[in-house]
Structure formats: C-alpha cells, structure tokens
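Asker: fold the following, please.
(chains A and B)
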Amino acid sequence: MKNYLQLNLSLLYWILIAPFTGQFFKIAPIFRQMVFIGVRAAPMVALTAFSIGVTLAMQAAHSLESLGAEMYIPDLVMLTLLREMGPVLIAVIVIGRSGSAVAAELGTMKVSEEIEALEVMAINPVQYLVVPRFLAMMVMLPALTIFGNYIGILGGWAVCRFALDFNTAGYILRALESADTWDLYSGMIKSVVFAWIVITIACNAGLNVEGGAEGVGQATTASVVQALLAMLVMNAVLTGIFFFAA
Amino acid sequence: MNSNGETIIEVNNLVRRFGDRGVLDDISFNVHRGETLVIMGGSGCGKSTLLRHMIGSMKPTSGSVKLFGEEITGMKEREIERVRLRFGMLFQSGALLASLTVGENVALPLLQHTGKSPDEIEEIVRGKLEMVGLTGFEDLKPDEISGGMKKRVGLARALALDPELLFSDEPTSGLDPIMTAVVDQLTLKLTQGSHMTAVVVSHDMTSAFRIATRMIMLGHGSIVAQGTPDEIRNSPNPEVQQFIHGQADGPISLNVSQEEHKDHQHVRPRPFLGGRFRFHHKHP
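Answerer: Residues are numbered from 1 along each chain as shown, chains lettered A, B, ... in the order given. Sure, this is the predicted structure:
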C-alpha cells in the first residue's frame, strides 16, 4: 500500500510538475504503448461489446415483450451500455489482457536487474517505464470504451433489425432519444478512473516483484485480481455518486 | 601505486545487517583516481552487497560511503542521480533492456542524458561497441546474442558516458580467455590512459592480477587482506593463499556458518523437507 501511494505521487510529479522543469515526456514510447495497450485489444473489445449488445437486446425483448413495450428495447441497450456495461466490461478485457501483460513485463525487468540498471544509469524507472504506459492507458481505455459502445449498439441493432420488427432508422432514433450526454459522460468518467486504477495497480505489482519467475507469476495474478476488485468497487461508488446521490 | 591522487571512493566503517545476520562488518577503504581496485572473495562473502552499497542502491545499517567526496548514504533519489551520471556500472548478467536492440541499449544513457543528435550518438555507440569487439551487432536483440556478448554490451553501455569511475561485477566470468584479455586490456587502457578509476568484483585470479593496482579480499563480511597485487601474492595469510591458488583444502571452510556448526554438532539437524516429500515413508 505504501509502495502504491508512492508510485502515484511519483507519477503525479512526472506528469504534472516535471514537464515545467524542462523534463518533458517523450512522445514515441507513449504511442508504442498505445498500440500495445489499446489498438491490439480492439478486436477482443469488439467481440465482447457485440456479444453484450446482442445479449442485452435479447433479454430486453424477452422482458419487455410481455408488457407490450418492445419499443423501449433500444433505450435499455443504449443506457446499460453507456452507463455500466461498456466501461466495466471493457475494463475487464483490458485488465486481463494489457494490465497483466504490463505487470509481467515490468516484473520480468525487475528480476533480471533491468530496473536496477536503469536506476544506476540515473534513469528514473517511473519516468522511463511507468509514465508512457500510464498516459497510453488514460487515453486508450476511454477510447476503447467509446469504440465498444458503438459496437454494442450495433449488436443491439442486429437483434432488433433481424429478429424483431424494428427498422434501422427507428432503432437509431429511439436509441439517441433515450440517452442524453450525461449518460455518455458518466461512463467516460468511469473509464478514466478505471484506467488509472488498472495501470497503477499493474505497474506497482510489476515494480515490486521479488523472488524470480515464481514472483512474476504471483505478481501478475495479484495485479489482475486487485485491479478487478478495485475497479468493481469503484464502479459501485461512482454509480452511487452519479445516479443516486444527486 | 598512486596514492597521491584524488580520493574517489571513501568507505568508512560500513556495516550492513539483514535481520540479525551480519553481511558486511566494519569495512573501510579508499580508492584513488586512476586506481583499479579488485574486490575478491568466495561466493556469498558480501562482495555484491558491498558493490550495491557503493552505487547507492542499498543503504547501510551504519557507516558511510563517499563518492567523489560526497556522502551518498543519506542522499535523496534526485541527488544521487547527479552522482550516478559520473560513474558506469557493468552488471554480472549485463542487465540489458530486453525490449531494446544492442545499439539502443548502448545509446540509452546518451539519449537520456545528453543533447547530442541521433547521428552523433550512433557514431559514439559504434565506437563503444568496437572497443568491446562487437562491431555490427547494433541491430540484434539481447536474447539473440550469447551471455559473454551481453556482458560486453553491458560494458559498452557502462562506458557510454565516458565515466570517471567504473564498477564491474564479474566482468570476465563467462568470457573466453581471449575476450577476457581484451576486456582486461580495455580496463587497463582506460585507467592508465584516461585516468578512469575502476572497482572490479572478480574471482578470476588471472584477470584480477593483470588489472589490479590494489586488491581487497573479503571473507565473512570483513576485509581479510588488502594491498598491492604483489603484497597479496606474497601474503602469509593462509586464507589468501588458498583463495588465489584455488585449493580445496585450507582454512576457508565450505561451511558458511562454521562456528554455529561446531556448537550444534551434537544436536540433531532440523528436517527441512516438508510433509509432501515425506508422506511415502510414514508408518501408521
């Protein structure tokens, strides 16, 4: 926990203060990490989001048909995706894929003395390794969430268009009418917070590995479990703040 | 011996304990500019721990370490980085970044700490790699080259910023005799020609006597003997003689906790294999 707080403080220093003292972060490594963390995760995110969109529409159809309220299916798909399912499930995918990879990579660097070598060369490991991964995650998780929302809505459309008697224009109109911008923003705020949680937990786990290959394995598992728990608890807290307390 | 030179490293009464196990016990020595200090001693005698205290990656329990006249034991991370720019370190495994190529590894300190253009940096990197006999290896990844080559790349990287002081952890282990000689000659050239100071941890005795201007032998965390290579070679201390001649019989026992062992010889040793190794032999 102490290490985790220190990592966060040191990250804030390198992102908010260091650029004003002339130590601006390099752009190329950030883009490299964005490709790795974000772009390569896009196919998995698309498949997940599509399945969720389809499932939501089918469940909604099943329940709402008995009330004669099929016209509200797009509302349900849209709101559930934007507010909850989009940010949460895409964070789950990114934790499993990119978070674990970051923890394992940094952990392997730690046990093979690479981190110590960086320190001895007077290169700060947080500045050199954590900052690019952090910034890449902060951009890419929200971006993936927007992308996933579109794909999920496409999944809902597929059910409505081919299995129920909606036409495309009707679905889109109904979906757009149901949501306002705050629904999108609340999901985006969530995914920014999740991005912070996921990448700091993964980096912290990796940088504090001890005990060789076994330690790397344990740290990777721990980072996934901790990130999932922290993310889900934070989701409940944020939902409470956004839709309950206000 | 040029003890009239400026003092580069000053270690005073250095003590380090892990729990109640003493690893370094009251170590003091000085290293002057242009000297090559070889630290030798058996495995587990605290050589690497001593080195880690000298580069500031471990903090001592008590005592002081001064590099270039500055006390580093109490320094903050930010201050110590300034000192670290003045020395290079070769790790035992090379410690190359696996995600970068050989050339990028050597270029790393130059890219991070100098304002040189990419063309200048490439030229320096080629020069450093040539010094360690690795011309044309720039584009290979560390896992595509042998352990000895990694070590030489590590040396090139340690020398990238033309440091005043070089720490090497076992620079010649895993190298063939010719490459050992090449690395030794390079160290000699840099210390004699460019007044670089070197601290080398080694148990390769041929190489140690070739490069050292002064030697320290560690045993059980304290200094057993120190002096010039000739003084060490003619040392009357039987531990030193056993070590430099590589004899199995002598005062240095294989048992690390010799004293403890003597005291407890009559006690039945505690079993260390757990139940899962023993259940076959259990009788009801």
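Asker: which element is residue 200 on?
Answerer: Let's take chain A. Applying DSSP states H and E as the criterion places A:Thr200 in helix A:181-207.
Asker: wrong one, I was asking about chain B
Answerer: Using DSSP H and E, B:Val200 sits in strand B:197-201.
Asker: list the buried residues of the helix or strand just after that strand.
Answerer: Moving toward the C-terminus from strand B:197-201, the next helix or strand (DSSP H and E) is helix B:205-211. By 16 or more other Cβ atoms under 10 Å in any protein chain shown, the buried positions in helix B:205-211 come out as B:205, B:207-211. C-beta coordinates here come from the backbone N, C-alpha and C atoms, glycine included.
Asker: who touches A:Trp2 in this structure?
Answerer: One thing to correct before we go on: residue A:2 is Lys, not Trp. Residues counted as contacts of A:Lys2 (Cβ atoms under 8 Å, 6 or more residues apart in numbering or on different chains): none.
Asker: can you pull the pLDDT of it?
Answerer: Per-residue confidence (pLDDT) for A:Lys2: 88.
Asker: go on, B:Thr61?
Answerer: At B:Thr61, pLDDT is 89.
Asker: if I look at it, how far off is chain A?
Answerer: Remark: distance between B:Thr61 and chain A (Cβ to the nearest Cβ, to the nearest Å) = 20 Å.
Asker: same check, this time on B:Glu71
Answerer: Distance from B:Glu71 to chain A, by Cβ to the nearest Cβ: 18 Å.
Asker: wait, doesn't that residue sit right on B:Lys59?
Answerer: No - when contacts are counted by Cβ atoms under 8 Å, B:Glu71 is not listed as touching B:Lys59 (11.9 Å).
Asker: now stretch A:214-234: mean pLDDT?
Answerer: When pLDDT is averaged over stretch A:214-234, the result is 95.
Asker: list the contacts of it.
Answerer: Identification of contacts with stretch A:214-234 by Cβ under 8 Å, 6+ apart yields A:88, A:91-92, A:95-96, A:99-100, A:102-104, A:107-108, A:111, A:190, A:193-194, A:197-198, A:201-202, A:204-206, A:208-209, A:211.
Asker: mark which of these are buried, thanks.
Answerer: A:88, A:91-92, A:95, A:99-100, A:102-104, A:107-108, A:111, A:190, A:193-194, A:197-198, A:201-202, A:204-206, A:208-209.
Asker: check which residues of stretch A:206-219 are buried.
Answerer: Those would be A:206-209, A:215-216, A:219, for stretch A:206-219 by 16+ other Cβ under 10 Å.
Asker: which one of these is nearest A:Glu119?
Answerer: Proximity to A:Glu119 was ranked across the buried residues of stretch A:206-219 by Cβ to Cβ; first place goes to A:Leu207, at 11.2 Å.
Asker: surely that closest one and A:Lys110 touch.
Answerer: Yes - A:Leu207 is within contact range of A:Lys110, at 6.2 Å (criterion: Cβ under 8 Å).
Asker: around chain B, which positions in chain A sit nearby?
Answerer: Within reach of chain B by Cβ under 8 Å from any Cβ of the partner chain, chain A has these residues: A:105, A:108-109, A:112-114, A:116-124, A:128.
Asker: can we see that at 10 Å?
Answerer: Counting by Cβ under 10 Å from any Cβ of the partner chain, chain A comes close to chain B at A:10, A:26, A:32, A:105, A:108-109, A:112-124, A:126-129.
Asker: output the longest helix belonging to chain B.
Answerer: Ranked by residue count, the top helix of chain B under DSSP state H comes out as helix B:177-193.
Asker: returning to that earlier point: common neighbours of A:Leu207 and A:Lys110, please.
Answerer: Among the neighbours of A:Leu207, those also in contact with A:Lys110 (Cβ atoms under 10 Å, 6 or more residues apart in numbering or on different chains) are A:125, A:219.
Asker: scan chain A for its longest helix.
Answerer: Max-length helix for chain A by DSSP H is helix A:131-162.
Asker: and the helix holding A:Thr200 with helix A:131-162, angle?
Answerer: Orientation check (axes from the mean of the first three to the mean of the last three Cα atoms, to 10 degrees): helix A:181-207 against helix A:131-162 gives 140 degrees.
Asker: now do the buried residues in whichever helix or strand comes after helix A:181-207.
Answerer: Per DSSP H and E, the first helix or strand lying C-terminal to helix A:181-207 is helix A:212-240. When burial is assessed from 16+ other Cβ under 10 Å, helix A:212-240 yields the following buried residues: A:215-216, A:219-220, A:222-224, A:226-228, A:230-231, A:234-235, A:238-239.
Asker: gap between the residue nearest in space to the middle of chain A and chain B?
Answerer: The residue lying closest to the centre of chain A (Cα atoms, centre = their mean) is A:Ala91, at 3.3 Å. To chain B, A:Ala91 is 26 Å away according to Cβ to the nearest Cβ.
Asker: for the residue in chain A sticking out farthest from the centre, helix, strand, or coil?
Answerer: Centroid-distance maximum for chain A: A:Gly68 at 36.3 Å, with Cα atoms, centre = their mean. Put simply, A:Gly68 is coil when judged by DSSP: H, G, I helix; E, B strand; the rest coil.
Asker: per-residue pLDDT of the residue nearest to B:Gln192 when sequence neighbours are not counted, please?
Answerer: Leaving out its chain neighbours, the residue that sits closest to B:Gln192 by Cβ to Cβ, 6 or more residues apart in numbering or on different chains is B:Gly34, at 7.4 Å. Note for B:Gly34: predicted pLDDT of 88.
Asker: what is the burial count for B:Gly34?
Answerer: 19 (other Cβ atoms under 10 Å in any protein chain shown).
Asker: quick one, phi psi at it?
Answerer: Note on B:Gly34: backbone dihedrals following degrees, to the nearest 10 are phi 90, psi -10.
Asker: mind listing what it touches?
Answerer: B:2, B:5-6, B:8, B:190-198, B:213.
Asker: in PyMOL, select just the buried ones from those.
Answerer: Typed into PyMOL, the next command selects the buried ones out of the contacts of B:Gly34 (criterion: 16+ other Cβ under 10 Å):
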select buried, chain B and resi 8+190+191+196+197+198+213
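Asker: dump the contacts of B:Gly34 into a markdown table; add pLDDT as well.
Answerer: Output for the contacts of B:Gly34, formatted as a markdown table (pLDDT from 0 to 100):
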| residue | pLDDT |
| --- | --- |
| B:Asn2 | 46 |
| B:Gly5 | 75 |
| B:Glu6 | 85 |
| B:Ile8 | 89 |
| B:Leu190 | 86 |
| B:Thr191 | 87 |
| B:Gln192 | 86 |
| B:Gly193 | 81 |
| B:Ser194 | 78 |
| B:His195 | 83 |
| B:Met196 | 90 |
| B:Thr197 | 92 |
| B:Ala198 | 92 |
| B:Thr213 | 92 |
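Asker: can I get the contacts of B:Gly34 in TSV with distance to B:Lys150?
Answerer: As requested, the contacts of B:Gly34 are exported to TSV (distance: Cβ to Cβ, whole Å):
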residue	distance to B:Lys150
B:Asn2	33
B:Gly5	33
B:Glu6	33
B:Ile8	28
B:Leu190	20
B:Thr191	23
B:Gln192	27
B:Gly193	26
B:Ser194	24
B:His195	28
B:Met196	22
B:Thr197	24
B:Ala198	20
B:Thr213	28
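Asker: near chain A, which residues of the stretch 151-284 of chain B are found?
Answerer: B:154, B:157-158, B:160-161, B:167, B:169.
Asker: what's the closest of those to B:Arg86?
Answerer: B:Leu161 (8.4 Å).
Asker: so how far is chain A from B:Leu159?
Answerer: Remark: distance between B:Leu159 and chain A (Cβ to the nearest Cβ) = 12 Å.
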